[in-house]
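In: predicted structure and sequence below. I'll ask about it afterward.
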Amino acid sequence: MSLRLGDIVDALGGSLEGGARDTRIERIAPLQSAGPADLSFLNNPRYAAQLATSRAACVIVAPALRGQALARGACIVTPDPYAYFARATQLWARTQGLAPAPGIHPSAVVHPEARVAASASIGPLCVVERGAVVGEHTVLKSRVSVGERCRIGARCILHPGVVIGADGFGFAPEGGAWLKIEQLGAVVIGDDVEIGANTCIDRGALEDTVIEDGVKLDNLIQIAHNVRIGRHTAMAGCTAVAGSTQIGAHCTIAGAASIIGHLSIAERTHISTNTVVMRSITQPGGHYTGVFPMDDNAHWEKNAATLRQLYRLRERVKALEQQRQDDSGSLEQ
């Protein structure tokens, strides 16, 4: 199956230049490996040199690269090639029959008191428990589990093995043992959320765990009870967020980061890979990085406290050295 270039431009916009609308596109491919029936894109000007040697039938480019693209052949000119590429993949999935069909797979188990929208797709071996809600055009891939009273909004995608609404990790010490705290809240997931394979989002202890609209979670992420993640925040694989932490909107959290419990993270915060966040971040828009070697806890705390003073100590040493040079100059005179 294929699409005409003209159909792509009609659906997505942009300006088709140097090529025929009737040209057939058989796949979307990377610039360096694209063939004469493929659509490709160039987003980063650093790779502009690849344009000259690319065999793609058509390349999606920004206006600044229009001339270079036309020198080799057809192009679609658009202000944001990467976003256009993303929409092209969505169009391709829709028209090529790759999107999951609505309905409930015969092997899925859906409680009679659950509510699943008619346009939703429930995959093989999924479980949707009592009182759960699955919104319109939402897709649950294979082996997804949605616990009691949990709610998933519209147009969400939950990849294989996702668990929504397992009990949060709540226990009270009593007589040298652990007494379970029943988790009485649920999980509320907004619209347009995507959750990667084998990610777990625990139900709240008393209030709900909340994932707001547009959040994107990668594979193997742990979201503990009563966490709230603000809209359009993106979080990469193997990140862990402990209980009752509040994460603002439009944050990015790189892979294997850890955020301890009961913190607040301001909106538009960027956290680097493997960073351990141990205090609240109140200033929006910051970028935070920190990887510190394991040590005996008492030594680690002393070293961490010293490390935070290093810049101040450096400035004091520089001032003392300057003073020493000034004093030596005075004596020589």
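Out: Okay, I see it.
In: what is the top helix by length along the chain packed up against?
Out: What stands out as the longest helix in the chain, according to DSSP state H, is helix 310-332. With contacts defined as 3 or more Cβ pairs under 8 Å, 6 or more residues apart in numbering; DSSP states H and E, helix 310-332 has no packing partner among the helices and strands. Where you see a C-beta, it was placed from the backbone N, CA and C, and this is true even at glycine.
In: just the C-alphas of it, formatted as CSV.
Out: Listed in CSV are the C-alpha atoms of helix 310-332, where the atom choice follows Å, rounded to 0.1, in the frame of the first residue of the first chain:
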residue,chain,number,x,y,z
LEU,A,310,33.0,24.1,46.7
TYR,A,311,32.2,27.0,44.5
ARG,A,312,32.1,29.4,47.4
LEU,A,313,35.4,28.0,48.7
ARG,A,314,36.9,28.3,45.3
GLU,A,315,36.0,32.0,45.2
ARG,A,316,37.4,32.6,48.6
VAL,A,317,40.7,30.9,47.6
LYS,A,318,40.9,33.0,44.5
ALA,A,319,40.3,36.2,46.6
LEU,A,320,43.0,35.2,49.0
GLU,A,321,45.5,34.5,46.2
GLN,A,322,44.7,37.9,44.7
GLN,A,323,45.2,39.6,48.0
ARG,A,324,48.5,37.8,48.5
GLN,A,325,49.7,39.0,45.1
ASP,A,326,48.6,42.5,45.9
ASP,A,327,50.4,42.4,49.2
SER,A,328,53.5,41.1,47.6
GLY,A,329,53.5,43.9,45.0
SER,A,330,53.1,46.5,47.8
LEU,A,331,56.1,45.1,49.7
GLU,A,332,58.3,45.1,46.6
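In: show me where the stretch 201-333 of the chain has its strands.
Out: Along the stretch 201-333 of the chain, counting by DSSP state E, counting those that start in this stretch, strands occupy 209-211, 216-217, 222-223, 228-229, 234-235, 240-241, 246-247, 252-253, 258-259, 264-265, 270-271, 276-277, 287-288.
In: in CSV, list the ones you listed along with distance to residue 149 and mean neighbour count.
Out: Formatted as CSV, the strands of the stretch 201-333 of the chain follow (distance: least, Cβ to Cβ, whole Å; neighbours: other Cβ atoms under 10 Å):
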stretch, distance to residue 149, mean neighbour count
strand 209-211, 12, 25
strand 216-217, 21, 21
strand 222-223, 17, 22
strand 228-229, 17, 24
strand 234-235, 24, 22
strand 240-241, 21, 22
strand 246-247, 22, 22
strand 252-253, 27, 22
strand 258-259, 26, 20
strand 264-265, 26, 20
strand 270-271, 31, 20
strand 276-277, 30, 18
strand 287-288, 35, 12
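In: and these as a markdown table, adding distance to residue 319 and mean pLDDT?
Out: Converted to a markdown table, the strands of the stretch 201-333 of the chain look like this (distance: least, Cβ to Cβ, whole Å; pLDDT from 0 to 100):
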| stretch | distance to residue 319 | mean pLDDT |
| --- | --- | --- |
| strand 209-211 | 49 | 98 |
| strand 216-217 | 47 | 98 |
| strand 222-223 | 46 | 98 |
| strand 228-229 | 44 | 98 |
| strand 234-235 | 42 | 98 |
| strand 240-241 | 42 | 98 |
| strand 246-247 | 40 | 98 |
| strand 252-253 | 38 | 98 |
| strand 258-259 | 37 | 96 |
| strand 264-265 | 35 | 98 |
| strand 270-271 | 33 | 96 |
| strand 276-277 | 32 | 92 |
| strand 287-288 | 28 | 94 |
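In: where does this structure have low pLDDT?
Out: Per-residue confidence of the chain (counting by pLDDT under 70) places the weak regions at 292-294, 329-333.
In: can you do 90?
Out: In the prediction, the chain carries residues with pLDDT under 90 at positions 1, 43-50, 52, 94, 96-100, 290-314, 316, 319-333.
In: quick one, domains of it?
Out: 3-95, 103-288, 297-328 (automatic domain parsing).
In: and the longest one, how far out from the chain's middle?
Out: Put plainly, it is domain 103-288. Domain 103-288 has its C-alpha centroid displaced from the chain centroid by 12 Å (Cα atoms, centre = their mean, to the nearest Å).
In: need the distance between the two termini of that domain.
Out: Between the start and the finish of domain 103-288 there is a gap of 44 Å, counting by Cα to Cα, to the nearest Å.
In: for residue 7, phi and psi?
Out: phi -70, psi -40 (degrees, to the nearest 10).
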